[in-house]
Every structure is written in C-alpha cells, then in structure tokens.
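Chemist: Below are the sequence and a predicted model for it; my questions follow.
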Amino acid sequence: MARNKEALVLVLDVGPTMHAILPEIEKVCSMLIEKKLIFSKNDEVGVVLFGAEATENELTKEVGGYEHVTVLRNIKVVDGDLVEALQSLPRGSVPGDFLDAIIVGMDMLIKKFGPTNKGKKRLCLITNAIHPIKDPYEGTKEDQVITIASQIMAQGMKMDCIIARLNQNLEANKRVMEENDFLLRVFSNKSSSKTVYVENSTKLLGALRTRNISPVTIYRGDFELSSTLKIKVWVYKKTSEEKFPTLKRYSDKAPPTDKFATHEVKVDYEYRSTQDTSRVVPPEQRIKGFQYGPQVVPISSAELEAVKFKPDKSVKLLGFTKASNIMRHYYMKDVNIFIAEPGNTKANLAVSALARAMQEMNKVAIVRCVWRQGQGNVVVGVLTPNISDNESIPDSFYFNVLPFAEDVREFQFPSFSNLPLSMHPNQQQQEAADKLVRMLDLAPNGKQETLQPDFTPNPVLERFYRYLELKSKDRNAAVPPLDETLKKITEPDPEILSQNKSIIDDFCRCFELKENPKLKKSTRRLLKEKPSRSNEEGENFANGSDAQPMEAIEYTSNVKVEKIGDSNPVHDFEVMMSRRDSPEWVSKAIQFMKEKIFHLMENSCEGDTYQKAVECLVALRKGCILEQEPKQFNDFLLHLYKFCQEKDLKSFCEYLASHKVTLISKTEATDSEVTEDEAKTFMVKSEPKSEQ
C-alpha cells in the first residue's frame with residue numbers, strides 16, 4: 001500500500017430511527033468519496049450497513065449470527081459507482097446492533113490486508129446509538145468491547161465513531177443511550193478510537209474526516225537556547241490553508257479511439273528580439289533584469305546567487321517577553337507545533353519544564369528559525385506554551401510567524417471621541433445594540449458553541465466538489481442551488497431571526513436605516529459637509545467645540561478637475577482629492593488650495609474675501625485629516641499666522657479666531673505632533689484694538 005493510501009470501511013446505521021438524517025449522511029459520505037477521487041484516487045473503501053431487514057455478510061455464513069448486517073460494497077478502489085450507491089442508501093426496518101457491524105467491518109479489513117498496513121486501516125461508524133446491543137454469550141458487554149478494542153489495536157486499525165443525534169426525541173431511550181455512550185468511551189480508552197457527538201447537519205458535515213493527510217516534519221534538529229544548551233525537537237504544521245485542487249490543461253486533440261491518450265498539454269516559450277521580431281533569442285543570451293525607476297537593471301544568475309542571504313539551518317531562542325506584548329493580529333501564515341524528539345526522555349522533560357515555566361510566568365519565547373539548509377529567508381516567530389491535560393500526550397509549543405517592519409500595516413482611523421455628543425448613541429440605542437449582539441452570539445453561556453472550527457467545513461470548497469461531481473457525469477450540468485446545510489454556514493439562522501423578531505424591530509426603530517447605494521469602482525471618500533456661505537452658520541466652519549462632524553461621502557462624478565478655480569474652489573479641491581489615477585493629486589490639491597487661500601487673503605478689500613478664504617481653509621483642514629497629512633495643514637496655518645503678523649493683516653487673524661480655526665491635534669490625526677492643549681491655545685485670537 002502506498003505511503004498515504006488508506007483502506008476505509010464505512011459502517012452506517014440505516015435503521016428506522018435514522019431515516020430522518022439519512023439524507024445528510026448520504027451527502028457527507030458521497031462527499032468523502034468525491035474528495036478521495038480528487039486527492040486519493042488509489043484509496044480503497046468498503047461499505048457495511050446495519051439496521052436493514054436483509055443479512056448479507058461472510059461472518060453469518062461462517063459462524064452464524066450478525067443478523068441485519070449487510071455488506072453493500074466490498075473493499076476496493078474508489079470509483080464513481082460508489083458515489084452513486086452512497087447517494088441512495090436503502091432504508092432499514094429493524095433496530096441495528098453497532099457492535100455486530102463493527103466486527104463485520106473489522107473482518108473485512110483483516111481478510112483483505114491481514115496484519116500488514118498498520119495505521120492505514122480505518123473504520124468509520126455513523127449511528128445514533130439509541131438501540132440496545134445484544135448480550136454476549138459469555139461475559140459482559142464491557143468485556144466484549146474490551147476484546148474488540150484490543151483486536152483493533154493489535155491489527156493497527158483506527159476507528160472514528162460519529163454519534164448523530166439530530167432533533168430527535170431521545171428521552172425514551174435515555175438508559176440505553178447512557179449504556180451505549182459508556183461502551184463507546186471504553187472503545188476510546190482501550191483503542192485508537194475517537195468519538196464525536198453531533199447535534200445538527202452542519203456539524204455532521206464537518207465531523208467526517210474526508211482527507212488522510214500524513215504529518216510531515218518541516219524541521220528536525222536542535223532548539224538552541226544558548227551555545228551550550230540545546231533541545232532536540234521536531235516541528236510539524238498544525239494548521240494550513242486548504243486550497244482548490246490544481247486545475248490542469250486538457251487537450252481534446254487526441255483521437256476518441258485512443259485509450260492511452262494522456263490529453264496532456266505541453267507549453268513551450270520563445271523569446272524574440274524587440275529589434276528583430278523574427279530572431280529567437282537563445283537561453284545563453286538571456287539575462288534577468290529588475291525594474292529600478294524607468295530603467296531595467298540586468299543582474300546575472302551568478303550575481304543573483306552571490307547576493308542571496310544563505311543562513312544555516314537552525315532554531316535559536318532570542319529571548320522571552322510577556323504574552324500581552326504579542327497581539328493576536330500580529331500572527332502571520334500557518335501555525336506550527338514544536339514537540340520534543342519522540343523517544344527522547346531528556347528532550348521531553350526539558351520541553352515540558354520550559355513550557356510550564358513560561359505558562360506560570362505568563363511569558364512567550366521569540367525564536368529565529370531557518371527550517372532548511374540553504375533556505376533563502378529567515379523567520380522570526382513566537383512560541384506559546386501548550387500544556388497537555390492528558391498524561392499520555394506530552395507538553396509542546398505552538399509557533400506563529402511574526403511580521404518584520406516591512407510586513408506591518410498600520411491603519412489609522414479617526415476616533416469616535418472626536419464626534420459631538422449628538423453623534424453618540426443614547427442609552428436606548430445602546431441597549432438595543434447590546435440585545436442584538438447577545439441574540440446573535442455563537443457561543444452563548446451555558447450552550448455549546450455554534451459553527452465550531454473543527455466541525456465547520458469550508459462552504460466554498462464543499463460547493464465546488466459537489467458541482468465537480470455533477471460535471472463529471474454531465475459536462476453541460478447547470479450550477480445547482482445552494483444546499484440547505486451550506487446555507488446554515490453562510491446565512492443567518494432563520495429560526496433565530498423569527499424567534500427574536502422583536503429585538504430586530506426594536507433595533508430598527510432606534511436607528512435610522514438607509515439603503516447603501518452601489519458605488520462605482522472609481523469613487524473615493526470626500527468631505528461630506530460643505531461649508532455654508534452664510535454668516536449665521538459661520539461658527540461651523542472649523543473643528544471647534546461646536547463644529548459639525550466630519551464625515552465622508554462618495555463622489556460619482558466623472559469630471560476630472562486639474563486645478564482649483566475661482567467660482568467654487570472648495571468643490572474643485574474635493575474632486576481633486578478624490579482622484580486616484582495618480583498619487584500626485586492629493587499633494588497637488590493641498591498645494592493649490594494653499595495658494596488659493598493666500599490669493600484670497602492678499603487681494604481682499606476690507607475683508608470681502610475673508611469668508612471664502614476661511615471656507616477654503618476649513619476644507620483644507622478636513623482634507624488633511626482624512627488623508628493623514630496633519631503636518632501640512634499645521635505648518636501652513638503657522639506660516640499663515642506669521643505672514644499676517646508681518647503684513648499687518650490682523651483683521652484676518654481676528655476673523656480666524658472668531659471662527660475657532662485651530663491646529664490639527666493628535667486626537668484627530670495620530671501623525672500630528674500637536675497635543676490637544678496646544679491646539680486649543682493656538683495664538684490665532686482676537687487682538688485688542690488700539691485707541692484712535
């Protein structure tokens with residue numbers, strides 16, 4: 001048997017109490033075979049049914065008993081016929097005995113493979129386990145289970161038990177269920193058996209392990225705490241992203257009668273000279289080049305190899321830090337797990353002591369990792385202690401990659417505290433929002449978490465696999481509607497929404513809800529509140545204590561403004577700030593607006609243009625906050641004040657002071673170097689008039 005090749009026997013309960021959930025079992029089992037056809041086409045699968053009226057298995061013929069157990073399919077390589085068979089399981093009419101069915105499945109694996117292929121043989125039992133099993137001829141039921149479990153271990157088999165109890169009235173069978181649950185726990189304790197209880201179709205979909213992925217180490221070697229202290233460790237991947245299966249190019253040029261055609265497509269590339277397109281450039285005349293500004297810099301393969309950073313394979317401890325210093329959003333890529341070298345007692349003891357000391361002191365370790373010799377990059381990550389509750393499982397570490405300075409992305413958002421009190425939610429609105437959040441809590445107190453990661457499949461992948469199976473039968477098959485089970489993952493539960501309609505209605509009454517219009521791709525945030533031109537609303541120009549909230553809107557105009565005009569400079573500034581066809585438009589808009597403000601101020605006749613200048617200044621202030629350019633505005637306002645003092649334009653300074661124009665503080669833009677107190681005490685204020 002190949003390294004990853006698996007032999008699996010599905011042991012399925014089709015008795016009367018399982019009829020309601022058999023459609024879900026058909027889906028999950030057929031999905032299992034579909035994935036094996038994609039990823040493990042050499043795997044072998046057999047199917048045993050119990051709870052049917054008929055009896056058809058070799059043990060009945062050989063020794064008798066094992067009634068109502070039917071071998072639907074003997075163990076053989078997976079194919080499309082098995083998918084179809086699992087999509088239409090027969091409905092049984094008698095209660096089934098899951099122990100008899102397990103023994104029949106074991107017998108099939110033993111006769112097929114014997115004592116070989118240990119660890120690659122698996123049984124998968126799916127039942128609700130609410131019917132009593134028969135009493136054995138000798139001993140107790142527990143003794144019988146212990147005997148079966150020891151045989152499972154001796155033959156190198158594994159067993160997964162999925163106990164599906166979905167929306168059923170189980171009170172009448174409570175005593176029997178407790179007895180069966182006890183026997184299943186014995187299986188788990190005495191063999192490599194795993195038991196999972198599922199209460200809904202979504203969890204059932206994720207409970208059956210559909211891919212057999214063998215763990216492969218990414219590192220084996222020393223964990224260097226110092227030059228004299230090293231621990232032998234192995235590193236495995238704990239989690240990784242599951243991606244779509246690789247799509248291959250397929251050629252239909254081969255004759256239909258050719259049974260040995262591979263339909264493989266081979267791609268060859270030719271490189272031609274730009275001066276003479278008819279001349280093909282051979283490989284020895286080609287060299288790689290890197291863009292550097294407007295030019296391309298050629299670098300030969302020898303030079304490229306010489307500048308590569310080539311660290312030695314190692315895992316080195318850099319130091320320890322408080323766990324609170326490493327934020328969860330710092331983690332990058334997949335999670336790895338560090339374990340002590342198997343069979344190394346001293347390494348196990350050292351890893352356990354280190355992990356428990358870190359847990360006790362609430363510390364994490366920062367390590368530098370180079371997984372392979374000649375690896376082109378160095379990884380810096382954090383080790384988090386993983387203390388085991390099971391005595392048979394040693395302590396370990398979880399490893400997460402941390403970002404370098406070039407990987408960090410800082411997103412700056414204005415604080416809600418800058419908004420006026422009128423924009424803050426009142427007590428009634430806050431209570432309505434709290435109720436809405438509690439209503440949709442996926443992990444409420446006293447209840448089991450919904451959509452647990454271990455049992456929630458990726459709905460995108462599941463939908464793809466199902467459609468692929470349809471296309472394998474009919475190339476013109478249409479995309480089917482979304483399955484109800486997948487809807488429970490991707491959409492809110494309609495039962496919860498209907499039961500809590502009053503909470504949703506209360507939330508809608510407390511807030512004004514508007515439809516969000518579909519925005520064009522070229523749109524960009526701009527300033528929503530345009531300054532008023534009336535003296536009565538002059539107090540709202542600046543971001544003072546009575547200022548209106550700064551919000552953003554989307555402009556959908558296709559008109560491209562390239563300069564700030566005289567008729568409507570604020571609008572022209574906003575449109576220029578929204579342009580993203582070049583990174584220069586923001587800086588151009590700010591510079592043009594500065595020049596426009598100076599022009600209005602210098603050419604004023606007894607202050608007739610002061611109001612327009614202040615409107616432009618307020619628009620500039622808001623734009624600099626949105627684009628995180630506070631220094632540009634603060635430097636300009638200081639320069640403007642100094643210019644007014646030198647040119648004896650105190651009247652304009654008084655006009656600014658009366659409209660409470662201030663510097664941009666740290667609370668409004670994190671990049672600002674001005675504190676809130678400094679902004680409030682800015683020296684744009686009214687000057688005492690001299691006596692005539």
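Modeler: Yes, it's here.
Chemist: which residues of the stretch 451-600 of the chain fall in strands?
Modeler: For the stretch 451-600 of the chain, the strands defined by DSSP state E, counting those that start in this stretch occupy 525-527, 552-554.
Chemist: In terms of mean pLDDT, which of those strands ranks lowest?
Modeler: By mean pLDDT, the lowest-scoring of the strands of the stretch 451-600 of the chain turns out to be strand 552-554, with a mean of 38.
Chemist: what about the strands in the stretch 301-450 of the chain?
Modeler: 314-322, 332-340, 363-370, 379-386, 396-401.
Chemist: Which among those strands is found nearest to Gln628?
Modeler: strand 332-340 (24.7 Å; C-beta to C-beta). Heads up, the C-betas are built off the backbone N, CA and C, glycines and all.
Chemist: Can you spell out which helices and strands pack onto the closest one?
Modeler: Secondary-structure packing of strand 332-340 (3 or more C-beta pairs under 8 Å, 6 or more residues apart in numbering; DSSP states H and E): strand 230-239, helix 345-361, strand 396-401.
Chemist: Burial-wise, tell me which of these comes out on top.
Modeler: Highest mean neighbour count among those (mean count of other C-beta atoms under 10 Å): strand 396-401, with a mean of 21.
Chemist: Neighbouring strands of that strand in the sheet, and parallel or not?
Modeler: For strand 396-401, the pairing partners within the sheet under DSSP bridges are strand 332-340 (antiparallel), strand 379-386 (antiparallel).
Chemist: end-to-end on stretch 217-231?
Modeler: End-to-end distance of stretch 217-231: 16 Å, with C-alpha to C-alpha, to the nearest Å as the criterion.
Chemist: from the chain's centre, how far out does that stretch sit?
Modeler: 31 Å (C-alpha atoms, centre = their mean, to the nearest Å).
Chemist: Tell me which residues are up against it.
Modeler: Counting contacts by C-beta atoms under 8 Å, 6 or more residues apart in numbering, the residues outside stretch 217-231 that touch it are 232-237, 313-317, 336, 338, 340-341, 347, 350-351, 354, 367, 369, 371-372.
Chemist: which residue packs closest to Asp181, ignoring adjacent ones?
Modeler: Ala129 (7.1 Å; C-beta to C-beta, 6 or more residues apart in numbering).
Chemist: just to revisit the earlier point, got a markdown table for the helices and strands packed on strand 332-340, with distance to Asp572 and mean pLDDT too?
Modeler: Output for the helices and strands packed on strand 332-340, formatted as a markdown table (distance: least, C-beta to C-beta, whole Å; pLDDT from 0 to 100):
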| stretch | distance to Asp572 | mean pLDDT |
| --- | --- | --- |
| strand 230-239 | 52 | 94 |
| helix 345-361 | 60 | 95 |
| strand 396-401 | 47 | 96 |
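Chemist: of the strands paired with strand 396-401, which approaches Asn634 most closely?
Modeler: strand 332-340 (35.6 Å).
Chemist: still on that earlier bit, export the helices and strands packed on strand 332-340 to a markdown table and tack on distance to Arg185?
Modeler: Shown next, in a markdown table, are the helices and strands packed on strand 332-340 (distance: least, C-beta to C-beta, whole Å):
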| stretch | distance to Arg185 |
| --- | --- |
| strand 230-239 | 27 |
| helix 345-361 | 27 |
| strand 396-401 | 25 |
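Chemist: Val618 is nearest to which of those?
Modeler: From the helices and strands packed on strand 332-340, taking C-beta to C-beta, the stretch that ends up closest is strand 396-401, at 45.5 Å.
Chemist: partners of Ile337 in the sheet?
Modeler: Tyr236, Tyr398.
Chemist: these two touch, right, it and Thr239?
Modeler: No: shown here, Ile337 and Thr239 do not form a contact pair, counting by C-beta atoms under 8 Å, at 9.3 Å.
Chemist: can you count the residues close to Ser582?
Modeler: 8 (other C-beta atoms under 10 Å).
Chemist: in this protein, which residue is closest to the centre?
Modeler: Glu241 (8.8 Å; C-alpha atoms, centre = their mean).
Chemist: which secondary structure element contains it?
Modeler: Glu241 is located outside every helix and strand, with elements delineated by DSSP states H and E.
Chemist: In space, what's closest to it - neighbours in sequence excluded?
Modeler: The nearest residue in space to Glu241 (C-beta to C-beta, 6+ apart) is Asp334, at 7.0 Å.
Chemist: any idea how far Phe399 is from the one you found?
Modeler: Going from Asp334 to Phe399 by C-beta to C-beta, to the nearest Å gives 9 Å.
Chemist: Kindly report the same for Ile339.
Modeler: For Ile339 relative to Phe399 (C-beta to C-beta), the value is 11 Å.
Chemist: For those two, list the residues in contact with both.
Modeler: Residues touching both Ile339 and Phe399 (C-beta under 8 Å, 6+ apart) are Val235.
Chemist: pLDDT weak spots in the stretch 451-600 of the chain?
Modeler: 517-560, 580-581, 583 (pLDDT under 70).
Chemist: where along it do the helices fall?
Modeler: With helices called from DSSP state H, counting those that start in this stretch, the stretch 451-600 of the chain shows them at 459-473, 484-490, 494-499, 501-510, 569-578, 585-602.
Chemist: Among those, show me which one is buried the most.
Modeler: helix 569-578 (a mean of 22).
Chemist: helices or strands next to it in the packing?
Modeler: Partner elements for helix 569-578 (3+ C-beta pairs under 8 Å, 6+ apart): strand 525-527, helix 585-602, helix 610-626.
Chemist: what's the burial count for the nearest residue in space to Pro132 that is not next to it in sequence?
Modeler: Take Pro132 and drop its neighbours on the chain: the residue closest to it by C-beta to C-beta, 6+ apart is Val176, 4.9 Å away. For Val176, the count of nearby residues is 16 (other C-beta under 10 Å).
Chemist: ok, Val176 - contacts?
Modeler: 130-132.
Chemist: Which pLDDT does the model give it?
Modeler: For Val176, the predicted pLDDT is 85.
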